[in-house]
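# give the three-dimensional model of this entry:
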Amino acid sequence: MKDKVLLLNQDYSAIATCTLHKAFVLLYLEKAELIAQDVLNGLRTISKTFPRPLVIRLYRYVRVPYKGISLTRQNIMRRDGHQCQYCGATRNLTLDHLIPRSRGGESTWYNLITACGRCNSRKGDRTPEEMEMKLYRKPYKPTLVSFLRASIQELDHAWIPFLSERVKV
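Next comes the predicted model:
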């Protein structure tokens, strides 16, 4: 069973995901409305059955100061699909600076990629162009919506209409 629920602001923009428990509490306290539910499964008590939420919308607008996705090891690997950007390996993963730090390369979204230990060691203190190593995907700075969209495969398709790129989060 899936435990995550998409949380929308009053203007239907995606804010985050929350646990099923928190979503139920928000609905029960009438702080949110049910937008999409799981029609096959419900939440049952001894005497009642409640709809199982997939997407809920807050009744009051919540101003969310958007700071962007944090530049962390886990988020870089998540952006890159947990695979080496040189060979596609999924084991023994590390981070690689495209422009090495010894040459003034900084730790930014556009200079860090996921690489396996073998490719990272082979590249060494050089750039991918110098080693003639091709990248699967050019590094980019992800958005909250893109991270939530990446979760759709694991979660529910009821989220898709609310996670289009036109949604400003």
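# which SS state does the residue positioned nearest the centre of the chain fall under?
Nearest to the geometric centre of the chain sits residue 147, at 2.4 Å (C-alpha atoms, centre = their mean). At residue 147 the chain is in helix, as set by DSSP: H, G, I helix; E, B strand; the rest coil.
# got a list of what it touches?
69, 75, 78-79 (C-beta atoms under 8 Å, 6 or more residues apart in numbering). In this view, the C-beta of every residue, glycine as well, is placed from N, C-alpha and C.
# pLDDT on the top strand by length along the chain, on average?
Ranked by number of residues, the top strand in the chain under DSSP state E is strand 32-44. For strand 32-44, mean pLDDT is 91.
# pLDDT of the next helix or strand along the chain from that strand, averaged?
Using DSSP states H and E, the next helix or strand after strand 32-44 towards the C-terminus is strand 49-58. Regarding strand 49-58, the rounded mean pLDDT is 94.
# okay, now the sheet partners of strand 49-58, with direction.
Here strand 49-58 is paired, per DSSP bridges, with strand 4-8 (parallel), strand 32-44 (antiparallel).
# would you turn those strands into CSV with mean neighbour count and distance to residue 89?
Shown next, in CSV, are the strands paired with strand 49-58 (neighbours: other C-beta atoms under 10 Å; distance: least, C-beta to C-beta, whole Å):
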stretch, mean neighbour count, distance to residue 89
strand 4-8, 24, 29
strand 32-44, 15, 37
